[in-house]
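1. After the sequence you'll find the predicted model.
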Amino acid sequence: MAKVLIADELSPRAAKILTERGVHADFVPGLPPAALKERIALYDGLAVRSATKVTKGLLAHAAKLRVIGRAGIGVDNIDVEAATERGVVMNTPYGNSITAAEHTIALLFALCRQIPAADRSTQAGRWEKSRFMGVELSGKTLGVIGCGNVGAAVAERALGLRMKVIAYDPFLSAERARDLGVEKAALAALFARADFITLHTPLTETTRNLIDTRTLAAMKPGVRLVNCARGGLVAEDDLAAALDSGHVAGAAIDVFTEEPATRSPLFGRDNVVATPHLGASTSEAQENVALQIAEQMADFLLTGAVSNAVNMPSLTAEEAQRLRPYMKLAEQLGSFAGQLTETGIRAVAVEYEGAIAELNVKPLTAIALTGLLSPQLTSINMVNAPVICRERNIRVSETRRAEPVDYQTLIRVVVETERRRREVAGTLFGGDKPRLVSVEGIPLEAELGRNVLFVRNLDKPGFIGALGNALGAAAVNIATFHLGRTASGGEAIALVEVDQTLTPAILDTVRALPNVIQAKAMRF
């Protein structure tokens, strides 16, 4: 049974869902880093929110880990690059979108009407009505930086308040902007025009300190800023200076560079509204993200379905079910080619013909690469295999041809090495039984068992008998024997499934037979 560790505070229903689906769940929030390192080796999955830091050091202890689930949208507490060496990282980008958008709107109102400061003053017995003159949102221009799920929800609500919305997002298409009813703008134009600016972009090296002295100076005098996204987006000292000068009229901040934020240059100001990272803190949102991440992790561990992954293509449960027989075939083809390969790989082409070309083949390509690289590398999986290929300058291509040629469906793996080109192809018999149908351009039909002897030889009389005798003399029992050749007397291939492990001594005996070109033990 797969095991998942829930390392942060999640709704109890998350553990219940995992258990009901057949996944063992341990709810142990708040473990110190040292204790977490001791326990993590036992688990196939790790579920976290923002408190647990999933570092490269922690992952070094996670030998079994296949999936990390982040209950929420941000994954900056996860070393995604290091995690990719282990498996899938998935999040819940939709579960708290509405809650975060509503908190953004709430902060906008609180900021423009000075609600927190007015509340403190009134409850202290002072009636300072003239002190708290506000500004209206209606008719003002809101600049939205980052127009994904949350940014789009904020824009929709701001339009309902009769605000004009301009948006900057490098991935926002003109068509999507029209559908949302917003104006797409360059970042410089947004800074110059917006009366209010709200941030909804992830924290990356590109966006870190996006709001600093330079960009603040480019903003319209009297601008008001809201940040419900990530603390590192704003250089807090620079914002404090802009507030002191009056260039920025006010700020509403829900996230801070260091959290928990017990000190900040932004604290103690009447023109700053501060909340303790409450963007996703509603009962509905916490329930939603907990249930979603539990369901996503269970689907992956039990069916192979991948939802909302940040480091690989998504794969629905239905797609996973349809692809499952092809997954085994792709892994066997890649493994076969990899076990034959003895020199550096320069390029890999995965070709799909017939019915398979109509399906989502991205996961199959990743699985074929995994099988191909497994004989040479440790800790290889379908998530990190494409990354490793890029790092090693191995060109990977993927082609589809929907029209069947020789078979109703076919997968072909072609490998270019430093010395030669190798090719292996396979199909499914009966819809779910993988079969090898071509090796090095030589047709044959073979089902791959656990222990296989691969022999390439010249097609000469007496060879099959000599090979059988050699294996019999070594007390190796033959389970199946598959043959293929290009032409009589030409190059031929024998794939022999055996019941015993093939030792180096047995292989030396086979290699010593007349007309043997190559003999290799394979395991599947």
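-> That came through fine.
2. Model confidence for the nearest residue to residue 98 once chain neighbours are set aside, exactly?
-> Using CB to CB, 6 or more residues apart in numbering and skipping residues adjacent in sequence, the residue nearest residue 98 is residue 153, 6.0 Å away. In this view, the C-beta of every residue, glycine as well, is placed from N, C-alpha and C. On pLDDT, residue 153 comes in at 95.
3. same question, residue 378
-> Reading off the model, residue 378 has pLDDT 56.
4. let's number from 3 now, not from 1
-> In the new numbering, first residue 3, that becomes residue 380.
5. Look at residue 298 and say how many residues are nearby.
-> By other CB atoms under 10 Å, the residues close to residue 298 number 24.
6. isn't there a helix covering it?
-> Yes: applying DSSP: H, G, I helix; E, B strand; the rest coil, one finds residue 298 inside a helix.
7. residues in contact with it?
-> Counting by CB atoms under 8 Å, 6 or more residues apart in numbering, residue 298 touches 71, 92, 94, 309, 310.
8. So among the residues you listed, which ones count as buried?
-> Among the contacts of residue 298, those classed as buried by 16 or more other CB atoms under 10 Å are 71, 92, 94, 309, 310.
9. my read: the third one touches residue 77, true?
-> Just to be clear, that refers to residue 94. No: Residue 94 lies out of contact with residue 77 (CB atoms under 8 Å); the separation is 10.7 Å.
10. Point out where the stretch 253-402 of the chain drops to low pLDDT.
-> By pLDDT under 70, the low-scoring segments of the stretch 253-402 of the chain are 315-316, 319, 378-381.
11. can you pull out the strands in it?
-> For the stretch 253-402 of the chain, the strands defined by DSSP state E, counting those that start in this stretch occupy 274-276, 347-356, 397-403.
12. Any chance of TSV for these, columns distance to residue 227 and mean neighbour count?
-> Shown next, in TSV, are the strands of the stretch 253-402 of the chain (distance: least, CB to CB, whole Å; neighbours: other CB atoms under 10 Å):
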stretch	distance to residue 227	mean neighbour count
strand 274-276	10	21
strand 347-356	48	20
strand 397-403	44	13
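13. In this structure, what helix or strand scores lowest on average pLDDT?
-> Least confident helix or strand, the chain: helix 387-393 with a mean of 81, by mean pLDDT, DSSP states H and E.
14. quick one: contacts of that one?
-> With contacts defined as CB under 8 Å, 6+ apart, helix 387-393 is touched by 86, 350, 367, 368, 371, 372, 375, 379, 382, 396, 397, 398.
15. Highest neighbour count among those residues?
-> Greatest neighbour count in these, by other CB under 10 Å, goes to residue 371: 29 neighbours.
16. For it, which non-adjacent residue is closest in space?
-> With sequence-adjacent residues excluded and distances taken as CB to CB, 6+ apart, residue 371 is closest to residue 387, at 3.9 Å.
17. one step back: residue 168 versus the residue nearest to residue 100, what's the distance?
-> Residue 155 sits 16 Å away from residue 168, going by CB to CB, to the nearest Å.
18. mind listing the helices for the stretch 203-352 of the chain?
-> For the stretch 203-352 of the chain, the helices defined by DSSP state H, counting those that start in this stretch cover 215-219, 238-247, 285-305, 319-342.
19. Measure how far stretch 341-349 is from the centre of its chain, please.
-> Offset of stretch 341-349 from its chain centre (CA atoms, centre = their mean, to the nearest Å): 27 Å.
20. measure it end to end?
-> Using CA to CA, to the nearest Å, one end of stretch 341-349 lies 16 Å from the other.
21. ok, residues contacting it?
-> Residues from elsewhere that reach stretch 341-349, judged by CB under 8 Å, 6+ apart: 374-375, 377-378, 394, 396-399, 417-421, 424, 426, 456, 522, 524-525.
22. Return the members of the residues you listed classed as buried.
-> In the contacts of stretch 341-349, burial by neighbour count holds for 374-375, 377, 396, 398, 417-419, 424, 426, 456, 522, 524, counting by 16+ other CB under 10 Å.
23. show me what contacts the residue most central in space within the chain?
-> Nearest to the geometric centre of the chain sits residue 313, at 2.2 Å (CA atoms, centre = their mean). Residue 313 makes contacts with 82, 85, 86, 90, 91, 385, as judged by CB under 8 Å, 6+ apart.
24. What of residue 421?
-> Residues in contact with residue 421 (CB under 8 Å, 6+ apart) are residue 345.
25. Provide the secondary structure category for it.
-> Counting by three-state DSSP, the backbone at residue 421 sits in coil.
26. try residue 472
-> Going by three-state DSSP, the state assigned to residue 472 is helix.
27. If residue 70 is in a bridge, with which residues?
-> Beta bridges link residue 70 to residue 48, residue 91, judged by DSSP bridges.
28. Neighbours of it, how many?
-> For residue 70, using other CB under 10 Å, the count is 29.
29. got the contact list for it?
-> 47, 48, 49, 50, 56, 80, 85, 88, 89, 90, 91, 92.
30. Do I have it right that residue 385 meets residue 312?
-> No: using CB under 8 Å, residue 385 is not in contact with residue 312; the gap is 10.3 Å.
31. Looking at those two, which has the bigger crowd around it?
-> Between residue 385 and residue 312, counted using other CB under 10 Å, residue 385 has the larger neighbour count: 23 against 18.
32. show me what contacts that one?
-> Going by CB under 8 Å, 6+ apart, residue 385 touches 86, 88, 89, 90, 313, 314, 368.
33. how about those residues, which pair is most distant?
-> 88 and 368 (14.6 Å; CB to CB).
34. Name the nearest of the contacts of residue 385 relative to residue 191.
-> Once CB to CB is applied, the member of these that ends up nearest residue 191 is residue 313, at 33.6 Å.
35. who's the closest residue to residue 394 other than its chain neighbours bridged to?
-> For residue 394, ignoring the flanking residues on the chain, the nearest one in space by CB to CB, 6+ apart is residue 347 at 7.8 Å. Under the criterion DSSP bridges, residue 347 forms beta bridges with residue 419.
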